[in-house]
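Asker: Structure of the sequence below:
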Amino acid sequence: MWSPVSFLVIAADEAAGEAGHSSGLLQDTTFWVSLGFLAVVGIFWRLGVHKTVAGLLDQRKEKIADELEAARRLREEAQELLAQYQRRQREAEDEAKGIIEQAKRDADRMGRDARQKINDQLERRAKSAEEKIARAEAQAIADVRNQTTDVAIAAARTIINERMDSGAQSALIEKSIADLRHRMN
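Answerer: Okay, the predicted model is just below:
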């Protein structure tokens, strides 16, 4: 099998033979650099370095692709977490609004209840005060009547004792007893 190195050696020999002498081409540095380069490339080719380099590049490509896939998955997870966070935040905001609205309704209801209780209590106290005043007024009227009656009875006794004689007193007693019997029947 022909390799690039053997092809170059044959080509160099033919070129030297055609020129008639080997001093022209063999002394050219470009030829020797080219020949060395091709020899190194040929050796690398023969040893399969190109396959190794291609394998390393493929491994690197696969590693980068895996890293990109992992980054894509992480991005998707991050987007999903962000969406969950935003959903939870909206739910929390809605719940907070609901709690605030319920608190306002409760505060209004409690305020109405408190006002109603205060009004009821004021009405009860006013009614109680009115009843106390009415009782005190009735008691005062009864006391005034009793005192007036006592004073009138005392005055009547005094007047009767001073102005009536014993016959008139007896007649008055008789008349009172008769009126009493008539009322009882």
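Asker: Averaged pLDDT, the strand or helix carrying residue 71. What do you get?
Answerer: Residue 71 is located in helix 49-163, with elements delineated by DSSP states H and E. Taken as a whole, helix 49-163 has a mean pLDDT of 89.
Asker: Against residue 157, how distant is the residue of the chain most remote from its centre?
Answerer: Using CA atoms, centre = their mean, the residue of the chain lying farthest from its centre is residue 167. It sits 103.7 Å away. As judged by CB to CB, to the nearest Å, residue 167 and residue 157 stand 17 Å apart. From N, CA and C alone the C-beta is placed, and that goes for glycine too.
Asker: just checking, residue 31 touches residue 25?
Answerer: Yes. Between residue 31 and residue 25 there is a contact at 5.7 Å, judged by CB atoms under 8 Å.
Asker: Next, work out how far apart residue 32 and residue 38 are.
Answerer: 11 Å.
Asker: Flag every buried residue along stretch 25-40.
Answerer: 25, 35, 38 (16 or more other CB atoms under 10 Å).
Asker: And stretch 74-94, by the same measure?
Answerer: In stretch 74-94, counting by 16+ other CB under 10 Å, buried: nothing.
Asker: now that stretch, how far from the chain's geometric center?
Answerer: How far stretch 74-94 lies from its chain's middle: 16 Å, per CA atoms, centre = their mean, to the nearest Å.
Asker: Just the C-alpha atoms of it, please, in CSV.
Answerer: The C-alpha coordinates for stretch 74-94 follow below in CSV (Å, rounded to 0.1, in the frame of the first residue of the first chain):
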residue,chain,number,x,y,z
LEU,A,74,-32.2,23.8,34.3
ARG,A,75,-33.7,26.7,32.4
GLU,A,76,-37.0,24.9,32.0
GLU,A,77,-37.0,23.9,35.7
ALA,A,78,-36.2,27.5,36.6
GLN,A,79,-39.0,28.7,34.4
GLU,A,80,-41.4,26.2,35.9
LEU,A,81,-40.3,27.3,39.4
LEU,A,82,-40.8,30.9,38.5
ALA,A,83,-44.3,30.1,37.2
GLN,A,84,-45.1,28.2,40.4
TYR,A,85,-43.7,31.1,42.4
GLN,A,86,-45.8,33.6,40.5
ARG,A,87,-48.9,31.4,40.8
ARG,A,88,-48.3,31.1,44.5
GLN,A,89,-47.7,34.8,44.8
ARG,A,90,-51.0,35.5,43.0
GLU,A,91,-52.8,33.0,45.2
ALA,A,92,-51.3,34.6,48.3
GLU,A,93,-52.3,38.0,47.1
ASP,A,94,-55.8,36.8,46.4
